[in-house]
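What follows is a predicted protein model with its sequence.
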Amino acid sequence: MAEQTHYRTCNLCEAMCGLEIKYEGTEIKSIKGDEKDPFSKGFICPKAVALQDIYHDPDRLKLPQKRVGDQWETISWKQAYDEVEQGIKAVQQKYGDDAVGIYSGNPNVHNLGSMLFSSRLLKAVRTRNRFSATSVDQLPHHFASQWMLGNSIQLPVPDIDRTHYFLVFGANPVASNGSIMSAAGMPRRIKDLQERGGKMVVVDPRRSETAQRADEHFFIRPGTDVYLLGAVLNHLIINHPQDLPEYYKGHEELRELFAAFTADKVASITGVAAEEITRIAEEFANAESAVCYGRMGVSVQEHGALCQWIVYLINMVTGNFDSSGGMMCSNPAIDVVHTKPEGTMYSYNRWKSRVRGLPEFGNELPAAVMAEEMLNEGDGQIKAFICNAGNPVLSTPNGDKLDKALSGLEFMVSIDIYLNETSRHANIILPPATGLETPHYDLVFHNLAVHNHAKFSPALFPIGPDRKYDWQIYKELGERFSKMSAVKKLADKLVTPEVVVDQGLKRGPYDIRLKDLRKNPHGVDLGPLQPVLPKQIFTQDKKVDMTPQVMVDGLKALSFDAPPGDKLQLIGRRHLRSNNTWMHNSERLVKGPKRCTAMLNPDDAEKLGIIDGELIDVHNEHGKVQIEAELTPALMPGVISIPHGWGHNKDGIGWATAQAHAGVSVNDLTSDQELDAVSGNAAVNGVYVEVSKV
Ligand SMILES: Nc1nc2c(c(=O)[nH]1)N[C@H]1C(S)=C(S)[C@@H](COP(=O)(O)OP(=O)(O)OC[C@H]3O[C@@H](n4cnc5c(=O)[nH]c(N)nc54)[C@H](O)[C@@H]3O)O[C@H]1N2
Ligand SMILES: Nc1nc2c(c(=O)[nH]1)N[C@H]1C(S)=C(S)[C@@H](COP(=O)(O)OP(=O)(O)OC[C@H]3O[C@@H](n4cnc5c(=O)[nH]c(N)nc54)[C@H](O)[C@@H]3O)O[C@H]1N2
Ligand code: SF4
Ligand SMILES: [Mo]
């Protein structure tokens, strides 16, 4: 068989890199960056080769599995569907619809079939106990967009390719490859920014891989960004007042709201000197264009929603919102954001979680309440669980508690390609086709891209008749929980992901159809980001609301007390060769130096008598882990950093390579009780811990 070439988009992270894959039969010869991809221009990261490793991984599940005692048996799809239907229905009949909990994990948004069809299952099960990785991640961004722009999923991104000043809070795009900022090739984009005379400034408790490439880096005490952001905003309002277009409202109130946020006052709380805060604000105001951007470090912490709100405000008051080089919305070929004329609003507070009374948002409850909803007895207790493409035992706060809770359920099903720390509790696992076996169009990340483009990737390898695509699984289960008429069912047979993509393109703003994308396997360049306001404001009065009540109330509740200084504060970390909980089964990615280590500043280590490489105990009231210390001046004194996603040391898991590089789960130390008060997002950064020698 002759060697052939296949072009596709890597769907492992948000960067959407174009790949050039050489293959013969089902053997992959090489995976390289596609130089002709207009978006990624040849960039890839080391994870791209994992697509090959996942495809060939002997540990990957391909056929339905049933747990019998502590063994797993391969069963037919028919039997698996029947048992899932019976298991879920039995619980709902006995305890009510809400006795079923559903958690949707991150890979769903990277997967065309799940994006289009998982809602069939989610809706058909009719439970109020729905959860997802959103509330351990970007929920504060949705809150800011919801209340300010009237559309929770219209998320603006930094126009990094045209900006002159890039102010970054709590993001490490050189390792993460960008989030809510799809921007393949971050190192090149940063270099371009610097070469055109621009400046990049990073605020982070760790001198991260991104901070090292920036022009300036400031250490900040974890969880205190809201004060620094507030002080920058306050300085801008007082010293650089600007008139805003008439479609902004609340501008006048900001001055009084933020008056207390003086650089002098916040300096001791944040650890950033007052004159530096003033200088940052001055440089931001005087730059030809500037953009302030904040990501995980300022989202998954105690003040996530307030931080994102103030990030938007800093861009707005300086005229850097919806304008070139500032914070802008994308103009994608398939617009999943503006499908409704009134805008996609997250519903809010239509019901509350049973145990703690936390409000619903967008049909979901905070993932942090899952365990208590399973463990606390009474009416409405979760007795059955559906987990699709997620691993919350490792990824949600106090995962250990969830691990225990899952073992007490009456029924559980996982839709997953691995027997992981979470799916090991399932009665049935349904494994879909994935990666190189699936066609791909990025419905989500084209919407969050820093440059408009469109690309469709056909499947590289076919699947056998005994295998299923995710969308087939969701269609089948959806149908079993909410019957369709015979006529509808017949018509539904024609609804495939490709058909929906073509329809989406047809409705979109460009004159492109699926056949055009098939003819352009490298993708189509659709130009730089374009302004969208005031057309895309969806609040009732069609004005951008700069002072939404939820945010103002949250701000007023903020205390200026200095944080306790005696304990270390725990933050997370991402590594280029890792991806959340699930890419540790590729030998090529996990080999080399140990990645799951606890970084400490040498001064702190000296006080504690800890030497580099030594095993240490990290503990607090939530849990305890034993982990190797890695001393580095790149970490701010008073801070400790442990990456999430590890902890493959549990019994009964099916990923052997991951188990051999187990690490520990940082979420055994995080709290399911202390959340961002405004949004309900998990606060996994800034957690207090104590450290001692083993
Ligand atoms: N402490 C701490 N905790 C965190 C974070 C942090 O920074 N610190 N980050 C948070 C963030 S941002 C996120 S997004 C979450 C992620 O949390 P989760 O979404 O719960 O975890 P993942 O590791 O993304 O889970 C992926 C699962 O999906 C499966 N999978 C992969 N591809 C497919 C597919 O095509 N189909 C199906 N059905 N399954 C598939 C994998 O086998 C794996 O079991 O973790 C969060 N947790
Ligand atoms: N290689 C790799 N890439 C990934 C992932 C991965 O696991 N590995 N995960 C993907 C996912 S799901 C996501 S959501 C994105 C996340 O993408 P990013 O947000 O860019 O990634 P993080 O590494 O979580 O960056 C958070 C930064 O915030 C800092 N930080 C922690 N606490 C604070 C704080 O209180 N204040 C400030 N200012 N900074 C703080 C951390 O030191 C860290 O450098 O990455 C995606 N890409
Ligand atoms: S950065 Fe790496 S993992 Fe992300 S899309 Fe590109 S190649 Fe894939
Ligand atoms: Mo995420």
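All right, it came through fine. Ligands and ions are numbered 1, 2, ... in the order given.

Where do the domain boundaries of the protein fall?
Residue ranges for each domain of the chain read 139-330+531-555, 568-693, as given by automatic domain parsing.

Same list, these, but as TSV with mean pLDDT, distance to Val450 and mean neighbour count please.
(Each C-beta comes from the backbone N, C-alpha and C, glycine too.) Converted to TSV, the domains of the chain look like this (pLDDT from 0 to 100; distance: least, C-beta to C-beta, whole Å; neighbours: other C-beta atoms under 10 Å):
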stretch	mean pLDDT	distance to Val450	mean neighbour count
domain 139-330+531-555	98	5	21
domain 568-693	97	19	20
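
now those domains as a markdown table including distance to Ile429?
Converted to a markdown table, those look like this (distance: least, C-beta to C-beta, whole Å):
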| stretch | distance to Ile429 |
| --- | --- |
| domain 139-330+531-555 | 28 |
| domain 568-693 | 9 |
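
Ok, which of those comes nearest ligand 2?
Ligand 2 lies closest to domain 139-330+531-555 among the domains of the chain, at 2.3 Å (C-beta to the nearest ligand atom).

does ligand 1 sit close to the closest one?
Yes. Against ligand 1, domain 139-330+531-555 shows contacts by C-beta under 6 Å from any ligand atom at 296, 300.

related to what we said a few turns ago, can the domains of the chain go into TSV with extra columns for distance to ligand 3?
TSV is the format used below for these (distance: least, C-beta to the nearest ligand atom, whole Å):
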stretch	distance to ligand 3
domain 139-330+531-555	4
domain 568-693	7
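
And the next helix or strand past the biggest strand by length in the chain?
For the chain, the longest strand by residue count, based on DSSP state E, is strand 623-631. Using DSSP states H and E, the helix or strand that follows strand 623-631 in sequence is strand 639-641.

how distant is that next one from the center of its chain?
21 Å (C-alpha atoms, centre = their mean, to the nearest Å).

Which neighbouring elements make contact with it?
Strand 639-641 sits against strand 568-571, strand 598-600, with contacts defined as 3 or more C-beta pairs under 8 Å, 6 or more residues apart in numbering; DSSP states H and E.

okay if I get those strands as a markdown table plus distance to ligand 2?
As requested, the helices and strands packed on strand 639-641 are exported to a markdown table (distance: least, C-beta to the nearest ligand atom, whole Å):
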| stretch | distance to ligand 2 |
| --- | --- |
| strand 568-571 | 4 |
| strand 598-600 | 9 |
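
quick one: which of the ones you listed is nearest ligand 1?
Per C-beta to the nearest ligand atom, nearest to ligand 1 of these: strand 568-571, 8.6 Å.

Just give the closest residue to Gly87, not the sequence neighbours.
Nearest residue to Gly87 in three dimensions, chain neighbours excluded: Phe411, at 3.7 Å (C-beta to C-beta, 6 or more residues apart in numbering).

what bridges to the one you found?
Ala384 (DSSP bridges).

Same question for Ile571.
When assigned by DSSP bridges, Ile571 has beta-bridge partners Ser641.

Now do the contacts for it.
Contact analysis of Ile571 by C-beta atoms under 8 Å, 6 or more residues apart in numbering lists 205-206, 222, 297, 639-641, 685-686.

run the last query once more with 7 Å
Contacts of Ile571 were listed using C-beta atoms under 7 Å, 6 or more residues apart in numbering, and they are 205-206, 222, 639, 641, 685-686.

TSV please, covering these and showing secondary structure.
As requested, the contacts of Ile571 are exported to TSV (DSSP: H, G, I helix; E, B strand; the rest coil):
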residue	secondary structure
Pro205	coil
Arg206	strand
Pro222	coil
Val639	strand
Ser641	strand
Asn685	coil
Gly686	coil
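
Identify the farthest-apart pair in the residues you listed.
Farthest apart among the contacts of Ile571 by C-beta to C-beta are Arg206 and Gly686. That separation is 12.9 Å.

Nearest to the middle of this protein, which residue? Look it up for me.
Residue closest to the average C-alpha location in the chain (C-alpha atoms, centre = their mean): Asp137, at 4.8 Å.

Spell out, range by range, the helices that occur in the stretch 1-150 of the chain.
For the stretch 1-150 of the chain, helices defined by DSSP state H, counting those that start in this stretch occupy the ranges 50-56, 77-95, 112-124, 139-149.

Just say which of those is most tucked in.
helix 139-149 (a mean of 27; mean count of other C-beta atoms under 10 Å).

who does it touch, helix- and strand-wise?
Contacts defined by 3 or more C-beta pairs under 7 Å, 6 or more residues apart in numbering; DSSP states H and E place helix 139-149 against helix 304-317, strand 544-545.

how far off helix 304-317 does that helix point, in degrees?
Counting by axes from the mean of the first three to the mean of the last three C-alpha atoms, to 10 degrees, helix 139-149 lies at 50 degrees to helix 304-317.

Each with direction, which strands does the longest strand of the chain pair with?
Partners of strand 623-631 in its sheet, by DSSP bridges: strand 598-600 (parallel), strand 615-620 (antiparallel).

Could you dump those strands into JSON lines with distance to Asp553 added?
As requested, the strands paired with strand 623-631 are exported to JSON lines (distance: least, C-beta to C-beta, whole Å):
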{"stretch": "strand 598-600", "distance to Asp553": "36"}
{"stretch": "strand 615-620", "distance to Asp553": "29"}
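
residues from the stretch 1-150 of the chain in reach of ligand 3?
So the stretch 1-150 of the chain meets ligand 3 at 10, 12-13, 15-17, 44-45, 47-48 (C-beta under 6 Å from any ligand atom).
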